[in-house]
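Enquirer: Attaching a predicted model along with its sequence, questions to come.
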Amino acid sequence: MTNTPIRQTTMMLRGVVLTLLLGIWAPLASSASGQIAPGTDSADPPTTSPASAEPAGPAPGEELSIYVMTMGPGPEVWERFGHNAIRVRDERLGTDIAYNWGMFSFEQEGFLLRFIQGRMLYWMEGFDAQLMANAYAGADRSVWIQELELSPTQRADLRDFLEWNAREENRYYLYDYYLDNCSTRVRDAIDLALGGQLREKTGLIPARMTFRAHTRSLTGGDPLLYTGLMLGLAQPVDRPISVWEEMFLPMELMSRIREMTVVNEAGETVPLVKSEFAAWERTAPLTLADPSSRWLTFTLVGVLAGGVVLLTGVQRARHRSGGALFPWLTTAWAVVTGMLGMVLLGLWVATDHTAAHYNENLFQVNPLLLGLAVLVPLAARGSAVMAGRAARLAVVIAGLSVIGLLARVLPGFTQSNGEIIGLVMPVHLAVAYSLVVLARSRRRPGSADGNAYFRGTDLGQTVVAE
């Protein structure tokens, strides 16, 4: 599939967003090493050869310049995470190539199944560096160029590795949004050229934020996207990470190598970045969101929603007209949250999306709610038995929600999900209370068959005089 680099990058990030929201998002367990396409064989990557006795002349690699190209975030959802590539300029051959690991195709064999399973195959490909920079500048996304201070031998070895990696039999890898993406591949290639110095200097240093906090910062401007991500992301994204891992973001990689020093082949300590300039700077303002939790805002929304449910439930118990909305609201709530629970459960038990494994949000949204979605309409049709069962099931669901809150003080329950608890638990409590009150009201003397509170025009039923 042939497309411009920016188009491929757009598809990549759109895939990330849609995958999480639909329950098919990238995992956190893939290896950081290269993956080979199924059914192919690959020679080992090139290694440094010992120096041979040759006539004096330019050392291999003298003609090369190595750069990290970093493309800043854009205003669209799929552009907010940025992008990067390694640029190799060869003065002798007159080439200027940007190697980009953010490529995938909807036309690849088994794409849909891989997409669902969290086993997306991405690949690396080289593009004309100037055309690539122009494409991002044309989209008003900043482009920064950092030249690396590498020896001629290191430059030549890195160039050889990139050319090897770009071959058809070597280019494919299993994409992982946090641990194995376009930016981690750039990081790993630089580390390879430096003989492991990059990882040695950053692997044990704590990062300034977790994976979740970075995600909050980059998606906070879109409430729907933000909520979907906070719902689907589980315990793995809340663990402390290192600076090495934090470089999964292109902007973090750019910032970290700017500050770094390395030991060159002469034993001297030198800055890793030799020079830096902005090929294009974004003209429109772009503001990142506060990476802290928004639990208070979500809780206020949850309390308001729960208040509406509770109000309609009380009116229902008192046989007032406003109560006609209660079965509709409760059923809709149960269907939506129950389906979300199915998605979260499927992500955990049936896919490789380990970023969504061990999701404590299953205390808040779980498949049990689909049972409530069935019982409430049946109760609305006049079944006293179903009304009692709906009340009992609602109490269980609300109890699980409360347990999910209390469990946060226990060891092993480390997920930062206060926002989801604040949004969901007030509604669960309101539904449970309302159904219990309604179930009890039908047992009052003079309530006839006990179905008056559930009968009427609800859910398409005909008015019945009792």
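Expert: Everything's here; your move.
Enquirer: Secondary structure class of Ser293, three-state.
Expert: Put simply, Ser293 is coil when judged by DSSP: H, G, I helix; E, B strand; the rest coil.
Enquirer: Would you list the phi and psi of it?
Expert: In terms of degrees, to the nearest 10, the main-chain angles of Ser293 are phi -60, psi 150.
Enquirer: residues contacting it?
Expert: When the contact criterion is CB atoms under 8 Å, 6 or more residues apart in numbering, the partners of Ser293 are 216, 416, 418-419. For every residue, glycine as well, the C-beta is placed using N, CA and C.
Enquirer: count of neighbours near Ala305?
Expert: The local packing count at Ala305 equals 17, with neighbours defined by other CB atoms under 10 Å.
Enquirer: ok so, going back, next, format the contacts of Ser293 as a markdown table and append secondary structure.
Expert: Compiled in a markdown table, the contacts of Ser293 are given as follows (three-state DSSP):
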| residue | secondary structure |
| --- | --- |
| Arg216 | helix |
| Ser416 | coil |
| Gly418 | helix |
| Glu419 | helix |
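Enquirer: Hmm, Glu62 is touching Pro152, no?
Expert: Yes. Counting by CB atoms under 8 Å, a contact exists between Glu62 and Pro152, whose distance comes to 4.8 Å.
Enquirer: May I ask which helix or strand encompasses Val68?
Expert: Val68 belongs to strand 64-71 when assigned by DSSP states H and E.
Enquirer: which other helices and strands contact that strand?
Expert: Secondary structure elements in contact with strand 64-71, counted by 3 or more CB pairs under 8 Å, 6 or more residues apart in numbering; DSSP states H and E, are strand 83-90, helix 129-138, strand 143-148, helix 152-165, helix 182-193, helix 250-259.
Enquirer: Point out where the chain drops to low pLDDT.
Expert: Along the chain, the parts satisfying pLDDT under 70 run over 1-57, 320-322, 382, 442-466.
Enquirer: Only the buried residues of the helix ranked longest in it, if you could.
Expert: In the chain, taking DSSP state H as the definition, the longest helix is helix 325-350. Within helix 325-350, the residues that qualify as buried are 325-327, 329-331, 333-335, 337-348, counting by 16 or more other CB atoms under 10 Å.
Enquirer: Can you identify the element that follows that helix toward the C-terminus?
Expert: Next element after helix 325-350 (DSSP H and E): helix 368-380.
Enquirer: Show residues contacting that following helix.
Expert: Applying CB under 8 Å, 6+ apart, the contact partners of helix 368-380 are 327, 330-331, 333-335, 337-339, 341-342, 386-387, 389-390, 393-394, 396-397, 400, 431, 435, 454-455, 458-459, 461.
Enquirer: Equivalent analysis for stretch 130-139, please.
Expert: 4-6, 69, 71, 74, 79, 83, 85, 96, 98, 100, 142-143, 145, 279-280.
Enquirer: 10 Å - rerun?
Expert: Residues lying outside stretch 130-139 but in contact with it, judged by CB atoms under 10 Å, 6 or more residues apart in numbering, are 4-7, 9-10, 69-72, 74-76, 79, 82-83, 85, 87, 96-98, 100, 126-128, 141-145, 279-282.
Enquirer: Select only the buried ones of those in ChimeraX?
Expert: Applied in ChimeraX, the following selects the buried portion of those according to 16+ other CB under 10 Å:
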select :5,6,9,10,69,70,71,72,74,79,82,83,85,87,96,97,98,100,126,127,141,142,143,144,145,279,280,282
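Enquirer: Next, Asp238: phi, psi?
Expert: For Asp238, the backbone dihedrals (degrees, to the nearest 10) come out as phi -110, psi 0.
Enquirer: Quick check on the closest residue to it other than its chain neighbours: phi, psi?
Expert: Counting by CB to CB, 6 or more residues apart in numbering, Ser416 is the residue found nearest to Asp238 once chain neighbours are left out, at 5.0 Å. When read as degrees, to the nearest 10, the backbone of Ser416 gives phi -90, psi 90.
Enquirer: Quick one: residues contacting Met251.
Expert: So Met251 contacts 70-73, 81-84, 142, 144, 183, 214, 218, 288 (CB under 10 Å, 6+ apart).
Enquirer: can you rerun that using 6 Å?
Expert: Residues in contact with Met251, defined by CB atoms under 6 Å, 6 or more residues apart in numbering, are Gly82.
Enquirer: what's the answer for the one 3 residues further on, then?
Expert: Contacts here follow CB under 6 Å, 6+ apart; on that basis Met254 touches Thr70.
Enquirer: likewise the one 10 residues further on?
Expert: Residues counted as contacts of Asn264 (CB under 6 Å, 6+ apart) are Val270.
Enquirer: For it, give its distance to Gln197.
Expert: Counting by CB to CB, to the nearest Å, the gap between Asn264 and Gln197 amounts to 10 Å.
Enquirer: repeat for Leu311
Expert: Leu311 sits 63 Å away from Gln197 when distances are taken as CB to CB.
Enquirer: what about Pro58, which SS state?
Expert: The three-state label for Pro58, taken from three-state DSSP, comes out as coil.
Enquirer: same deal with Gly267?
Expert: Assigned by three-state DSSP, the conformation of Gly267 is coil.
Enquirer: tell me how far the ends of stretch 116-127 are from each other?
Expert: Taking CA to CA, to the nearest Å, the span from the opening residue of stretch 116-127 to its closing residue is 29 Å.
Enquirer: And the contacts of that stretch?
Expert: With contact meaning CB under 6 Å, 6+ apart, stretch 116-127 is reached by 5, 24, 27, 97-99, 101, 103-104, 114, 165-166, 171-175, 351-353.
Enquirer: That concludes my questions; thank you for your assistance.
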